[in-house]
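Visitor: sequence first, predicted coordinates after that:
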Amino acid sequence: DFQMTQSPSSLSASVGDSVTITCRASQTISTYLNWYQQKAGKAPKLLISGASGLQGGVPSRFSGGGSGTYFSLTISSLQPEDFATYFCQQSYSVPPTFGQGTKVEI
Amino acid sequence: EVQLLESGGKLVQPGGSLRLSCAASGFTFRTYAMSWARQAPGKGLEWVSGVSGSGGVTKYADSVKGRFIISRDNSKHTLSLQMNSLRAEDTAVYYCAKSLSGDYLSDAFDIWGQGTVVTVSS
């Protein structure tokens, strides 16, 4: 199975800050990398697919990049509604696997 | 509106069985692979099982292989997960999820249900 490792596990930031979360795959996955946002008690929400493809309705302050084994999610100008946990997920092979999550706190 | 609605979660004793269901609406159900994923309390996300659009291909995480069975009824737009020989470590919120791109078992998941809680405890 492909192991996905996110860093950091948590971070503290302020409204207006820019933050970057990284995700590393144990083997190359091309750009088969997706990012999700999850708020407490809610289902995950797909933000980005294919490493950099923003889903409809997702604000443009979210951006993703990377390929191979190293990926990043950047949130520019954090808004109050962005404080949540973020997960990466590889869709290169079955089983699809998730990173352990990064909690973005105020 | 595209929607998934899970049901069936409850408290069950170790070694017991449970069947989860997921009702889909708002999209052409048979053309999309579907999956179950779970999240143990305070933990991350774990993909559990997936099924192709026709139902002919099924895959499982090693942690549930041989104990769980995924199936789908395309005429009723429903996805099911039969869970047998349940263990304490199966305690989690179970989500059904729709593949983004079509009939791909390993894909991004663009639609998730609200989740159903399974607790395995004596």
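Guide: In hand now; what should we look at? What you see is a predicted model; the values in this text were computed from it and never measured.

Visitor: so who does the residue lying closest to residue A:28 once chain neighbours are set aside touch?
Guide: Spatial nearest neighbour of residue A:28, chain neighbours left out: residue A:68 (4.8 Å); criterion: C-beta to C-beta, 6 or more residues apart in numbering or on different chains. Every C-beta, even on glycine, is put in place using the N, C-alpha and C of the backbone. Residues in contact with residue A:68 (C-beta atoms under 8 Å, 6 or more residues apart in numbering or on different chains) are A:25, A:28-30.

Visitor: phi and psi next, for residue A:68.
Guide: phi 80, psi -100 (degrees, to the nearest 10).

Visitor: so which of the contacts of residue A:68 comes closest to chain B?
Guide: Nearest to chain B among the contacts of residue A:68, counting by C-beta to the nearest C-beta, is residue A:29 at 10.1 Å.

Visitor: contacting residues for the closest one?
Guide: Shown here is residue A:29, whose contacts under the criterion C-beta under 8 Å, 6+ apart are A:2, A:68-69, A:90, A:92-93.

Visitor: what number of residues lie near residue 64?
Guide: In the absence of a named chain, chain A is used. Residues lying near residue A:64 (other C-beta atoms under 10 Å in any protein chain shown) number 23.

Visitor: nope, chain B please
Guide: For residue B:64, using other C-beta under 10 Å, the count is 22.

Visitor: and the gap between it and residue B:70?
Guide: Going from residue B:64 to residue B:70 by C-beta to C-beta, to the nearest Å gives 9 Å.

Visitor: overlap in contacts, those two.
Guide: Joint contacts of residue B:64 and residue B:70 (C-beta under 8 Å, 6+ apart) are residue B:49.

Visitor: which ones are touching residue A:6?
Guide: Neighbouring residues of residue A:6 by C-beta under 8 Å, 6+ apart: A:21-24, A:86-88, A:99-102.

Visitor: centre-most residue in chain A?
Guide: The residue lying closest to the centre of chain A (C-alpha atoms, centre = their mean) is residue A:35, at 3.7 Å.

Visitor: now the closest residue in space to it that isn't next to it in sequence, which residues is it bridged with?
Guide: Leaving out its chain neighbours, the residue that sits closest to residue A:35 by C-beta to C-beta, 6+ apart is residue A:48, at 4.2 Å. In this entry, residue A:48 is beta-bridged to residue A:35, residue A:54, by DSSP bridges.

Visitor: and residue A:48, how many neighbours?
Guide: Residue A:48: 23 surrounding residues under other C-beta under 10 Å.

Visitor: ok, now which ones touch it?
Guide: Counted by C-beta under 8 Å, 6+ apart, residue A:48 has contacts A:34-35, A:54-55, A:58, A:62-64, A:73.

Visitor: kindly state the pLDDT recorded for it?
Guide: If you check residue A:48, the pLDDT there is 98.

Visitor: what of residue A:106?
Guide: 85.

Visitor: just the strands in chain B please.
Guide: B:3-7, B:11-12, B:18-25, B:34-39, B:45-51, B:58-60, B:68-73, B:78-83, B:92-99, B:109-112, B:116-120 (DSSP state E).

Visitor: interface residues of chain A facing chain B?
Guide: Within chain A, the positions adjacent to chain B are A:1, A:32, A:34, A:36, A:38, A:42-46, A:49-50, A:55, A:87, A:89, A:91-101 by C-beta under 8 Å from any C-beta of the partner chain.
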